[in-house]
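Starting from these lines, generate the structure:
(2 chains)
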Amino acid sequence: MAGIGGSGLILEEGLIFEKGSSGRVGYSLPPLDVPEKEIDTLIPPSFQRTDLSGLPEVSEIEVVRHFVRLSQWNYSIATGPYPLGSCTMKYNPRVNERVASLPGFAQIHPLQPEELSQGALFLMYELERYLAEISGLDRVSLQPAAGAQGELTGLMMIRAYHTTQGNPRRVVLVPDSAHGTNPSSSALSGYQVQTLPSNDRGLIDPDRVRKLMNEEVAAIMITNPNTLGLFEEEICRICEIVHSHGGLVYGDGANLNAILGIARPGDMGFDVLHLNLHKTFSTPHGGGGPGAGPVAVRNILVPFLPVPVVEKEGERLRLNYDLSRSIGKVRAFHANFAVLVRAYAYIRSLGAAGLKRIAQMATLNANYLRSQLESSFHIPFDRLCKHEFVATDKMQQDKGVKTLDIAKRLMDKGFHPPTIYFPLIVSGALMIEPTESESKESLDQYISAMKEIAEEAERDPSQITSAPHLTKVSRLDEVRAAREPILRWKG
Amino acid sequence: MRFIPHTPEDIAAMLKAIGLPDLEALFADVPAALRLKRELNLPTAVSEPEIISHLQAMSQRNGHCPDYSLFLGAGAYHHFVPSVVEEIISREEFYTAYTPYQAELSQGTLQATFEYQTLICQLTAMEVANASMYDGASAVAEAALMSSRVLQRKRILASSALHPDYLMVLRTYLKDLGMELELIPWIDGEGTTSIREAEQLLGQNVAALILQSPNFFGCLEEGDTFAKMAHAKGAFLIAAVVEPTSLGLLKAPGEWGADIVSGEGQSFGNPLNFGGPYLGFFATREKFIRQMPGRLVGRTIDLQGRPGFVLALATREQHIRREKATSNICTNEALCALAATVHLCLLGPRGLRELALLNLQKSGYAKEKIAGLSGFRLSFSAPTYNEFVVRMPEPVEEINRKLRERGIIGGLDLGRFFPEMSDCCLFCVTEMNSREEIDRLLESLGELTQGGN
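As a prediction, the model looks like this:
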């Protein structure tokens, strides 16, 4: 079988709540070294809890074994290629983990005096400047905890800006190929969403933008390169049209990996851009988070940045909470600081030339995969792409093989599937983003696996439609999970 | 470059296969005017040993334990993180995996998250919990939005003893949605939210009353009373729990009758990290499942009938519902939730209670002793857990500066958030503060305020 998938021993492991025994413990705490008081004299009995039942009672080895077994049921970047489109699953350098866990970073309190936080503030100050340079914008808020929160922050700043211009405006234009967070963040910042259809080249049509633009449109949200992996060639004209009506241009930076050091959103005309440090800047995804979604802005939006921002006064760094028109705060304290440390280490490890190399190799890998798969899979926009491209199940459909089946069959061959059924404008989309981390051999293995699936679709489609066969579990009943939700253990 | 595997031969072969002459040609679709004609202005690349020593040096410019003893809390708590927690969250299979969209390859993350959801329910005495939010503050803001969605009401009442950052986040999240936020004052001298004022402010149009306990001043609130009062007007009670180790000892908000319990989970297994990443948790009643924000993991079966886990009820979420989603959240704090899960499993019911007792007793000791120092008195009379407010004989800023010279990071200067309280200090004492440290604090406070230094 093509690919790298084999089979191995999988250990069964029940829920932690079904393990252990009453009286067993897995903790160790220091003894009480102050005079003990009667609890009731400290907390009135009516405030006290009487029942903590249900929590597991397990020893340390049981906890270790439990979670190690669970971990072995996961596929990860460290296991193999993970070409999820729009997710930029690149290698997470180990040095990042090492520096993030330095006690001088991990053990510092967010409210401790600035004099004792100068190292941390320096890192934030420098990182802000690096991200501004990479984006081609003026200032950056490091506060948002993730990309979607960056979007919300950016849109709130846009709203605040328009409000000071006399009209907050009502509408945000969102292309039909956009990430779901874009319309959702627009709604959360009080805007109506108007969907902008893509043209037959998979791009935004400036004339359509012109027709929809008016004085009630606050902003347009653009992902460039877009979710088809295509560069918005008319981006400058689009930005001009939006600006000519007083609107602002929001950039979803999820796909920034393709253009690092090649082109800068600020130079294209973007006014706001969020960056996903957990995509472009190699910080780990952690099985769903934490990430960080800094927002870069043009000068006109600086007064609206969330507080605090880091400022330099002589040699001393301080947190400035005094921005008169700030939108406020979107989360407590300053930022997902430990994520910032990792991104800082990554940028310093690569430098300008290294970052540009990242963009080149990510783009080379995507185009190589595309060129090698175009004979076996339908690729609706089969031309030069950036960091990712979209294939479909069109050539396999008549055998009864769908995108979902192809994705599941890839698992048997040892690979994580691509993003599927997104973007929504392509029926049966398989959105493939190999990133720069994959070697040619690794891509060749992926290509062989995909081609073999295409052949299996001809010979023996049932192998595919019943996949995966080698994973811990086979296809799971999602309808049942929605109809009769079981969201916790009840004992 | 060690992160990039490509050799010149690989690049040449790949370009040939694509049919392009050189790497420049990969960017032919980027208009020439946009192509950057120079290198980015960034510091030169450094090797691995250099980046480590550079960041080590930078980190050493920050003061921390054990060089300093720490008496700061206020939403970020210094607790012991067991070695097992660090080891488990350092497993690549967990930390380098993506969101578990492909369930068959993500059973580890999914089962751990299901266990996390269960633990949060047990801790809060609620029926369902989601897979995590960004942090406590945004989780409380999302709770306010959910109340408004369910009840179709636009007014939110919040205790003014809610963490000031949480209040600010709440205000930021509500302001563009035509929602109103009103504050219930705390009672001078007591430190708890005024029940009488809350009653007056509650009307038929209030979606939720938000109450933090222990509150920002460390004081315990009578949650039951506020819950009854809110329910009488058809409003939700949102309980904000910022220091969840307190739940090892204190009645859970679910027992008061809270409709949503949201807050900060950092205390379990997550280091201080200068403020993040932390872990928002969100729990509610079963009947509101479909109105909840965030991801949910559900148990189901596979084609062979074997048990397994999937992301459930995704039709609430942004990638499906887009502008009609219950929240815009996508990336959450999964690895922080895993840390909390492992920590809670290690603690179990006994450890959780013992941890809470250590915090209560040690902070009780410090509180009594500080109150006994000449010129110092307690600002509030309400019972507290591991934080308490002291009125000091000199401005807090002054005293803290002198303490710093003695290797002590004192409590929070409340003047920072409440200008009229610049002589009030919020102390936090946890299991990490030894009696020796506490005694050294007491001694220093005594000496520093008697003209000595």
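
ok, longest helix in the chain?
Let's take chain A. helix A:337-373 (DSSP state H).

think we crossed wires, I meant chain B
Per DSSP H, chain B has its longest helix at helix B:334-371.

Pop the domain breakdown of the chain in here.
Unless you meant another one, I'm taking chain A. A:95-349, A:351-479 (automatic domain parsing).

Wait, chain B was what I had in mind.
B:69-80+B:349-448, B:83-343.

thinking again about what came up before, for the longest helix of chain B, what does the pLDDT average out to?
In this model, helix B:334-371 has an average pLDDT of 98.

okay, the domains of chain A, which one's buried deepest?
Highest mean neighbour count among the domains of chain A (mean count of other Cβ atoms under 10 Å in any protein chain shown): domain A:95-349, with a mean of 23. Bear in mind the C-beta positions are built from the backbone N, C-alpha and C, glycine included.

which secondary element of chain B has the worst mean pLDDT?
Every helix and strand of chain B was ranked by mean pLDDT, DSSP states H and E. The lowest is helix B:318-321, at a mean of 88.

about what we covered before: adding distance to B:A208 and mean pLDDT, write the domains of chain A out as a markdown table.
A markdown table is the format used below for these (distance: least, Cβ to Cβ, whole Å; pLDDT from 0 to 100):
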| stretch | distance to B:A208 | mean pLDDT |
| --- | --- | --- |
| domain A:95-349 | 17 | 97 |
| domain A:351-479 | 32 | 97 |
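
about what we covered before: and the direction of the longest helix of chain A versus that of helix B:334-371, what angle?
180 degrees (axes from the mean of the first three to the mean of the last three Cα atoms, to 10 degrees).

how far out from the middle of the chain is the very next helix or strand once past helix A:337-373?
Heading C-terminal from helix A:337-373, the first helix or strand you meet, by DSSP states H and E, is strand A:389-391. Strand A:389-391 has its C-alpha centroid displaced from the chain centroid by 19 Å (Cα atoms, centre = their mean, to the nearest Å).

any idea which helix or strand comes after the helix or strand encompassing B:R299?
For B:R299, the host element (DSSP H and E) is strand B:297-301. Using DSSP H and E, the next helix or strand after strand B:297-301 towards the C-terminus is strand B:307-311.

That following strand versus strand B:297-301: what angle between them?
If you take the same axes, to 10 degrees, strand B:307-311 sits at 140 degrees to strand B:297-301.

for the stretch 101-250 of chain B, which spans come out with low pLDDT?
By pLDDT under 70, the stretch 101-250 of chain B has no low-scoring segment.

Spell out the residue ranges of the helices in it.
B:107-124, B:136-151, B:164-174, B:195-201, B:223-232 (DSSP state H, counting those that start in this stretch).

re the thing from before, in the least confident helix or strand of chain B, what's buried?
Residues B:Q318, B:H319, B:R321 are the ones in helix B:318-321 that count as buried (16 or more other Cβ atoms under 10 Å in any protein chain shown).

That one packs against which elements?
helix A:181-188 (3 or more Cβ pairs under 8 Å, 6 or more residues apart in numbering or on different chains; DSSP states H and E).

contacting residues around the helix it packs on?
A:147-148, A:151-152, A:155, A:172, A:174, A:192-193, A:195, A:221, A:223, A:252, B:145, B:173, B:176-177, B:318-319, B:321-325, B:327-328, B:330 (Cβ atoms under 8 Å, 6 or more residues apart in numbering or on different chains).

Using CSV, write out the CA atom coordinates for that helix.
What follows is helix A:181-188, C-alpha atoms only, in CSV (Å, rounded to 0.1, in the frame of the first residue of the first chain):
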residue,chain,number,x,y,z
THR,A,181,-15.0,33.6,11.6
ASN,A,182,-15.1,36.7,9.3
PRO,A,183,-18.9,36.9,9.1
SER,A,184,-19.3,35.8,12.7
SER,A,185,-16.9,38.4,14.0
SER,A,186,-18.7,41.0,11.9
ALA,A,187,-22.0,40.1,13.6
LEU,A,188,-20.4,40.3,17.0
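
Quick one: residues in contact with whichever helix or strand B:A12 is part of.
Using DSSP H and E, B:A12 falls within helix B:8-18. Helix B:8-18 is contacted by residues A:364-365, A:367-368, A:370-372, A:439-440, B:6, B:21-23, B:25 when judged by Cβ under 8 Å, 6+ apart.

swap in stretch A:297-309?
A:137-141, A:143, A:153-154, A:156-158, A:160-161, A:248, A:266, A:270-273, A:319-330, A:334, B:172.

how long is that stretch end to end?
13 Å (Cα to Cα, to the nearest Å).

what does stretch A:40-48 give?
Using Cα to Cα, the end-to-end distance of stretch A:40-48 comes to 9 Å.

now stretch A:244-252
End-to-end distance (Cα to Cα), stretch A:244-252: 21 Å.

and that stretch, how far out from the chain's middle?
Counting by Cα atoms, centre = their mean, stretch A:244-252 comes out at 23 Å from the chain centroid.

List the contacts of it.
So stretch A:244-252 is in contact with A:147, A:151, A:154-155, A:158, A:161-162, A:165, A:169, A:172, A:178-179, A:181-182, A:213-215, A:217-224, A:238-239, A:242-243, A:265, A:269-274, A:301, going by Cβ under 8 Å, 6+ apart.

ok so, going back, now do the longest helix of chain A: which elements does it pack against?
Packed against helix A:337-373 by the contact rule (3+ Cβ pairs under 8 Å, 6+ apart) you find helix A:94-100, helix A:103-106, helix A:118-135, strand A:389-391, strand A:430-432, helix A:440-459, helix B:8-18, helix B:48-59.

With distance to A:K399 added, can I get the ones you listed in TSV?
Converted to TSV, these look like this (distance: least, Cβ to Cβ, whole Å):
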stretch	distance to A:K399
helix A:94-100	43
helix A:103-106	53
helix A:118-135	45
strand A:389-391	16
strand A:430-432	16
helix A:440-459	5
helix B:8-18	28
helix B:48-59	49
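
out of the ones you listed, which comes closest to A:V34?
For those, proximity to A:V34 was assessed by Cβ to Cβ; helix A:103-106 is nearest, at 26.2 Å.

can you pull the contacts of whichever residue of the stretch 101-250 of chain A sits closest to chain B?
Distances between the stretch 101-250 of chain A and chain B by Cβ to the nearest Cβ are smallest at A:G104, namely 2.8 Å. Under the criterion of Cβ under 8 Å, 6+ apart, the contact list for A:G104 reads A:G119, B:Q56, B:M58, B:S59, B:Q60, B:R61, B:N62, B:H64.

burial count for the fifth one?
Same thing as B:Q60. B:Q60 has 14 neighbours, counted by other Cβ atoms under 10 Å in any protein chain shown.

right, and it touches A:G119 too?
Yes: assessed by Cβ atoms under 8 Å, B:Q60 is found in contact with A:G119 at 6.8 Å.

Please report the distance of B:K175 from A:Q192.
Between B:K175 and A:Q192 the computed distance is 17 Å (Cβ to Cβ, to the nearest Å).

what do you get for A:P303?
26 Å.

Give me the residue at the spatial middle of chain B.
In chain B, the centroid-proximal residue (Cα atoms, centre = their mean) is B:E264; its distance is 3.2 Å.
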